[in-house]
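A.B. asks: I would like to see how this sequence folds:
(one chain, ligands or ions: 1)
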Amino acid sequence: MNTAANVSGPALRTERFAALREDGLADQRLEGWFDAVKFGFHDAKADPVDVARYAESYDLDARVLTAVYDDTVRPGVWDPAVPVATYATMQNTINIGGGVLLPAHLVTAVTVRATHRRRGILRRLITEDLYRAADEGLALAALTASEATIYGRFGFGAAAFGRTVQVDVRERFGLSVPADDAGGVEVADPDLLAALGPEVFARFHARTRGSVGRQSSYAQVVSGRWGQHKPEPDRALRAAVYHGADGAAEGYACYKFAGWDASPRAVKVVDLVAATPAAYLGLWAYLGSIDLVERIEYPLAAVEDPLPWALRDGRGYQVTGEEDTLWLRILDPVTALQSRSYAGAGSVSFEIADPLDLAAGRWRLTAGGGEASVEPLAADAAVDLRLGVEALGSLYLGGTTAHTLAAAGRVAGEPGAVARLDRLMALPERPYCITHF
Ligand SMILES: CC(=O)SCCNC(=O)CCNC(=O)[C@H](O)C(C)(C)COP(=O)(O)OP(=O)(O)OC[C@H]1O[C@@H](n2cnc3c(N)ncnc32)[C@H](O)[C@@H]1OP(=O)(O)O
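C.D. replies: Below you'll find the predicted structure:
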């Protein structure tokens, strides 16, 4: 695929390409594209050798890269091969509950050069891209956002949240119900996780609503073959694997010592994937047992983390932050809502407002027997509720309730209808996403 079009204004040239060419070499535009991405996120310039490594990984993800070039930029100042805006997409699945993994359009690497910002470049890129994704039949788009102020206007709603936590692992640490098979944890060579990591993650992904399938670079990072910011071996990474009673690997943690200068002495969890509650507690029992360490820092705990409830001293668990980890955009409300499972029975009608018109309209949702059907209503039909498509994105995985959104002024309607929607869409626990893309 290689398309060029004048879609971003008269002076701007937009090109879409894959990371690898047909002959297996990196596309010649990739190095400039990376320079722009690194510039946009305030990272050091990428080494050309690194770009070749990233190209292979991007190829495995089947990423589609977009670059916007400005041919009027003053010559001789910066390489014209460096675009003024970047954008990338790939597909993966999202666990929407009830064991359903729905394909989704994932957006990433969005940057616009400081000299070109606020001229509508992102608006044009994302609008065209979301229309294309909807045309291709995808019901959901998703992203992880650098700022919470950017994507609501394009119909994305914050859909899953995570916690940054610090756990005191000095004498006070201990599980109130000792993990009966904590012996199931073995210290492992991180390299083992290159193959085992994705297998364990697949089990976690299959059972966790809100989880997003992972891009190929995860296997490299959790095995220490790549650092988190550079595709070079990270020899400081350590790993432990939890095996269940039947010998199957059900979880792993990879982590790094924060250094002798850190006070208190800390271990930072790079990735912790547990496919069962026993694996989760077993891995924490292990992390809490590491000598010469006073604190474990974990940036991606669930909002409903069982750990503080399992600790002998729950005050040793401190939440230092809570943030959105996933933004969801409903592209096709019929497919999205009909693919989901429902605890309640009954019916509610609503109008969805959508700035891009993709999900706009009046609809009736009728649920029963765990499933639901969605039918379009006439444009002038009376409806029980009104909400924006971004609010629907926030409700979809159970990240919040209609009751809360109504109180925030984002769902309008009689309290009885709000409560009915909540009863229909009720889910037993909050969604959880440990994939950053
Ligand atoms: C999925 C991801 O990759 S998340 C990463 C996003 N990228 C970054 O954070 C890198 C640094 N930031 C940037 O590169 C740019 O500022 C971007 C990509 C966020 C925005 O690009 P721009 O081309 O300036 O956006 P554009 O001009 O199309 O703005 C569209 C609208 O969004 C608003 N907007 C854009 N960025 C922001 C922001 N960071 N905060 C609040 N509003 C914003 C604009 O004001 C405009 O609003 P309007 O249409 O109501 O007037």
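A.B. asks: Can you give me every residue that contacts the closest residue to residue 340 other than its chain neighbours?
C.D. replies: By the measure of C-beta to C-beta, 6 or more residues apart in numbering, the closest residue to residue 340 outside its immediate chain neighbours is residue 96, 5.3 Å from it. (Each C-beta comes from the backbone N, C-alpha and C, glycine too.) The contact partners of residue 96, by C-beta atoms under 8 Å, 6 or more residues apart in numbering, come to 102, 140, 209, 336, 339-340, 396-397.
A.B. asks: Can you add neighbour count and secondary structure and give those back as TSV?
C.D. replies: Putting the contacts of residue 96 into TSV (neighbours: other C-beta atoms under 10 Å; DSSP: H, G, I helix; E, B strand; the rest coil) gives the following:
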residue	neighbour count	secondary structure
102	16	strand
140	25	strand
209	24	coil
336	23	helix
339	18	helix
340	22	coil
396	25	helix
397	27	coil
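A.B. asks: C-terminal to the lowest-mean-pLDDT helix or strand in the chain, what's the next element?
C.D. replies: In the chain, no helix or strand scores lower on mean pLDDT, DSSP states H and E than strand 2-5, which sits at a mean of 42. Remark: after strand 2-5, the chain's next helix or strand is strand 12-17, criterion DSSP states H and E.
A.B. asks: Toward the C-terminus, what is the element adjacent to that following strand?
C.D. replies: Where DSSP H and E defines the elements, the next helix or strand beyond strand 12-17 is helix 30-40.
A.B. asks: tell me the mean pLDDT over stretch 156-170?
C.D. replies: Averaging pLDDT along stretch 156-170 yields 98.
A.B. asks: In it, which residues are buried?
C.D. replies: Applying a neighbour-count criterion of 16 or more other C-beta atoms under 10 Å, one finds 156-163, 165-169 buried in stretch 156-170.
A.B. asks: ok, so of the residues you listed, who is nearest the ligand?
C.D. replies: residue 156 (9.2 Å; C-beta to the nearest ligand atom).
A.B. asks: Enumerate every residue touching the closest one.
C.D. replies: If you count contacts by C-beta under 8 Å, 6+ apart, residue 156 has them with 141-143, 145, 327-329, 390, 393.
A.B. asks: For these, which entry has the maximal number of neighbours?
C.D. replies: Comparing the contacts of residue 156 by number of neighbours (other C-beta atoms under 10 Å), residue 329 comes first, having 34 neighbours.
A.B. asks: which element is it on?
C.D. replies: Assessed by DSSP H and E, residue 329 sits inside strand 317-330.
A.B. asks: circling back to that earlier point, keep only the contacts of residue 96 that also lie close to the ligand.
C.D. replies: Among the contacts of residue 96, none lies close to the ligand by the criterion of C-beta under 6 Å from any ligand atom.
A.B. asks: Quick one: these as CSV, columns for pLDDT too.
C.D. replies: Compiled in CSV, the contacts of residue 96 are given as follows (pLDDT from 0 to 100):
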residue, pLDDT
102, 98
140, 98
209, 98
336, 98
339, 98
340, 96
396, 98
397, 98
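A.B. asks: closest to the ligand among those?
C.D. replies: Lowest distance from the ligand to the contacts of residue 96 (C-beta to the nearest ligand atom) belongs to residue 140, with 14.6 Å.
A.B. asks: check contacts around the closest one.
C.D. replies: Residue 140 neighbours (C-beta under 8 Å, 6+ apart): 94, 96, 102-105, 328-331, 336.
A.B. asks: now, among those, which is nearest to residue 251?
C.D. replies: Closest approach to residue 251 among these (C-beta to C-beta): residue 94, at 21.3 Å.
A.B. asks: from memory that closest one sits against residue 101, does it?
C.D. replies: Yes: when contacts are counted by C-beta atoms under 8 Å, residue 94 is listed as touching residue 101 (7.1 Å).
A.B. asks: more crowded one of these two?
C.D. replies: When residue 94 and residue 101 are compared for neighbours, residue 94 comes out ahead with 29 against 17, by other C-beta under 10 Å.
A.B. asks: Would you agree that one falls within a helix?
C.D. replies: No: with DSSP: H, G, I helix; E, B strand; the rest coil as the criterion, residue 94 is strand rather than part of a helix.
A.B. asks: bridging residues for the closest residue to it other than its chain neighbours?
C.D. replies: Leaving aside its sequence neighbours, residue 94 sits nearest to residue 104 (C-beta to C-beta, 6+ apart; 4.7 Å). Beta-bridge partners recorded for residue 104 (DSSP bridges): residue 92, residue 140.
A.B. asks: How much space separates residue 104 from the ligand?
C.D. replies: Residue 104 is 13 Å from the ligand, where distance means C-beta to the nearest ligand atom, to the nearest Å.
A.B. asks: Just give me the neighbour total for that residue.
C.D. replies: 25.
A.B. asks: what sits against the closest residue to the ligand within the stretch 151-300 of the chain?
C.D. replies: Going by C-beta to the nearest ligand atom, the ligand is nearest to residue 153 of the stretch 151-300 of the chain, at 5.8 Å. With contacts defined as C-beta under 8 Å, 6+ apart, the neighbours of residue 153 are residue 355.
A.B. asks: Secondary structure class of it, three-state.
C.D. replies: What three-state DSSP gives for residue 153 is helix.
A.B. asks: what separates it from residue 400, distance-wise?
C.D. replies: 19 Å (C-beta to C-beta, to the nearest Å).
A.B. asks: do residue 192 as well
C.D. replies: To residue 400, residue 192 is 38 Å away according to C-beta to C-beta.
A.B. asks: Just give me the closest of the contacts of residue 96 to residue 36.
C.D. replies: Nearest to residue 36 among the contacts of residue 96 is residue 140, at 27.3 Å by C-beta to C-beta.
A.B. asks: Packing partners of the strand holding residue 329?
C.D. replies: strand 140-143, strand 157-168, helix 389-396 (3 or more C-beta pairs under 8 Å, 6 or more residues apart in numbering; DSSP states H and E).
A.B. asks: Residue 225 reaches residue 189, doesn't it?
C.D. replies: No: in this structure, residue 225 is not within contact of residue 189 by C-beta under 8 Å, at 11.6 Å.
A.B. asks: Tell me the spacing between whatever residue of the stretch 201-350 of the chain ends up closest to the ligand and residue 127.
C.D. replies: In the stretch 201-350 of the chain, the residue that lies nearest the ligand is residue 327 (8.0 Å; C-beta to the nearest ligand atom). Taking C-beta to C-beta as the measure, residue 327 falls 16 Å from residue 127.
A.B. asks: what do you get for residue 31?
C.D. replies: Residue 31 is 28 Å from residue 127, where distance means C-beta to C-beta.
A.B. asks: Give me the more crowded residue out of those two.
C.D. replies: Taking neighbours as other C-beta under 10 Å, residue 31 and residue 127 compare with residue 31 leading, 20 against 14.
A.B. asks: before we move on, back to that, just put the contacts of residue 156 in JSON lines and tack on pLDDT.
C.D. replies: Listed next are the contacts of residue 156 as JSON lines, based on pLDDT from 0 to 100:
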{"residue": "141", "pLDDT": "99"}
{"residue": "142", "pLDDT": "99"}
{"residue": "143", "pLDDT": "98"}
{"residue": "145", "pLDDT": "98"}
{"residue": "327", "pLDDT": "99"}
{"residue": "328", "pLDDT": "98"}
{"residue": "329", "pLDDT": "98"}
{"residue": "390", "pLDDT": "98"}
{"residue": "393", "pLDDT": "98"}
